[in-house]
Structures are given as structure tokens and as C-alpha cells.
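Novice: quick one, fold the following:
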Amino acid sequence: MKRDDVFEANKSVNFIDSLQLNIKAPSSIASLFEETSGVTFSSTGNSSIRPVVRGLYDERVLLLVNGIRQEEQFGGGNHTYSIAPEFLNSVAIMKGGASVTFGSDAIGGVINMYLNGYGDFRTPENYLSLFYQTGTDGKKQDFFFSKKIGDFNVYFQGLNKDFGDVETPDGVLKNSYSKGYYFNSGLNYEKNQTIFRLNYYGMQGDLGVPVNPYAIDMGFKNNEYKRVQGELSFKSYGYHWLGFTFLFANQFKHRHMYMELPHSDNDNVVREIFLNKTSKNFRAFTNFIFSHNYITVGLDAFREDAWSKRRVA
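Specialist: The predicted structure follows:
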């Protein structure tokens, strides 16, 4: 998705740029949408959010990262997304009618999030940023480094955050904590008509899930997410043909959910669910322009594998 003037766009798209994100400094993915009409969310903690676009959610709202479907899109009562809002450079939100372009899981809309550094225009040439934040409910350290080397631009961003349970007017929201490590690195190459981009993103952390107020302890242990993405583009200077783009990604998600419930006065019962998901994504498209008609022809393919087991003690 790209930014268009409102009278030229064929779909309803809201665009949140890097300047808006820097001013807003969102603490969670949910807070990105607070000022976007037609988009809301439900949230029960620092890491549990559910985007809602025009009343539709879960498998009806498609989440993309750098134009690639996000591996960890789940339905159900707990929604933990591993993309740190501190790593976002811009967000495009398409509301309604997106199923024609992106498939049946985009009936409600599409949320496309671009990471810092992905693309030369999102990467300062020579830049170093250090950030430290502390408060009553936790602390956060963040740094970003980029370097221009000839036709290459390399970057690395790291984040460590540890937030305790959320304070509410009714008291502490139990199991709403979030703590973990995040990293985002890659390189960009652009020369003449050729563009190549490579990105590696990952996280590992413990995320509380406060959806069950009767649980003694409930959340995800060592929640893990990794994604490698590449992009190759060729720009044509022809009048009708504008060039082509190939995108590919390999993603892995590990979820270890546990729930400790009161069982008796002497002991407790712990239920655990393990889920591993992997996916391979490939997109290819080419663009043409004839008179006032902009035509895109492409292919969007992915393969997903998953295994799960349960353990009751």
C-alpha cells in the first residue's frame, strides 16, 4: 500500500507516518489506532490486543509487516503480537473492500506496518539513538544505529522492556505484565534501477494474559517470534511498464501458554498448551500504466505448518 491523495485513492486508507509516531510514542500496538476513525481495539494488558476495523476482527482483519502476512495472526480470546511499536516507522490502514486484493481474511481491512530501516527512505544515513525510560510500572531501553557504506545502508535496533501489571481504578490487573527482548536489523542496497532489501526481526519474552480473573497465573513463557524477509525490485523507465517486485519471507512462532487455576486448598492445576507455527511467504507483482489506468498483476502465495500439544498436571 502507498500513500495517495484522498480523491485519487480507490480505497479508504489512513496513513500514520514517522513524524506522527515520534510525537505519539505509542506504548502498545493498540494505542496506534486511538485517533483513526473506523478502527478500534480491545485490550486486556500490555501485550494482549485485538484490532477491530469497522466491527470486524480476528481472521477478518489482515495484519502485514513490510507487505508480508504476519505469521502470528490468531483468533480466540488472547491476542499477543510480537511487533514492538517502538520499531515502527509508518502504518497504513485500509478499511473495507480489501478482500478483492488480499483474500478472504481481509474482508474487514488490512493493517500494514513498516519497520524502522526497511527501505532507504526509512533509514538515516549515519545515525545513533539511545533511549532509556523508567516509571512506576517498569522500564525500557532502546537504541538504533545505522551506517551508510557506499551503495549499502545497514541498521540495527534493539529493545529491552519490562513492564509490570497494569494499574486500574479497581486495582492491579493481574497477569497483564510484559517483558522481553526485541531486535530489528537489516540492510538496503539501491543502485540505478535495482533495489534489494533484507530484514531480520525477532523477539523473546514472557507475556501475561489477564483474560481469566480467577487464574492464579496465566500467560506465555518464552514466547518467541522470528522472521527473515527479503525484497528485490527493478524500476523500469519505460512509459507503460513500471517494473517488478519480488518479496519473500520465512517466519517462525513459538507459543507456550500456561494457566494455573485454583484446584483445592492444597494444590493447583496447571494447564499448558504448546504451539509452533512456521510459514513461507512469496509475493511477486508488476505494474503497468495505460492512460489513466494503473494495473497491477501479481501472485501472493504462502505455506503454513503448525503442530500443537497440551499438557495437564
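
Novice: show me which residues of stretch 296-308 are buried.
Specialist: Within stretch 296-308, the residues that qualify as buried are residue 300, counting by 16 or more other CB atoms under 10 Å. Placement of C-beta: from N, CA and C, glycine included.

Novice: repeat for stretch 187-194
Specialist: Buried residues in stretch 187-194, counting neighbours by 16+ other CB under 10 Å, are found at 187, 188, 189, 190.

Novice: which SSE is the second one in?
Specialist: Assigning secondary structure by DSSP states H and E places residue 188 in strand 178-191.

Novice: that strand: partners in the sheet, and parallel or antiparallel?
Specialist: Strands that pair with strand 178-191, judged by DSSP bridges, come out as strand 152-163 (antiparallel), strand 194-208 (antiparallel).

Novice: which one, of those strands, ends up nearest to residue 279?
Specialist: Proximity to residue 279 (CB to CB) singles out strand 194-208 among the strands paired with strand 178-191, at 14.1 Å.

Novice: CA atoms of that closest one as PDB?
Specialist: Output in PDB follows, covering the C-alpha atoms of strand 194-208 (Å, rounded to 0.1, in the frame of the first residue of the first chain):
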ATOM      1  CA  THR A 194      17.900  -2.200  -8.800                       C
ATOM      2  CA  ILE A 195      16.800  -2.300  -5.200                       C
ATOM      3  CA  PHE A 196      17.500  -5.100  -2.700                       C
ATOM      4  CA  ARG A 197      16.300  -5.100   1.000                       C
ATOM      5  CA  LEU A 198      16.900  -7.700   3.700                       C
ATOM      6  CA  ASN A 199      15.400  -7.600   7.200                       C
ATOM      7  CA  TYR A 200      15.700  -9.900  10.300                       C
ATOM      8  CA  TYR A 201      13.300  -9.300  13.200                       C
ATOM      9  CA  GLY A 202      12.900 -11.300  16.400                       C
ATOM     10  CA  MET A 203      11.700 -11.300  19.900                       C
ATOM     11  CA  GLN A 204      11.600 -13.400  23.000                       C
ATOM     12  CA  GLY A 205       9.700 -12.700  26.200                       C
ATOM     13  CA  ASP A 206       7.200 -13.500  28.900                       C
ATOM     14  CA  LEU A 207       3.700 -12.100  28.300                       C
ATOM     15  CA  GLY A 208       0.900 -12.100  30.800                       C
END
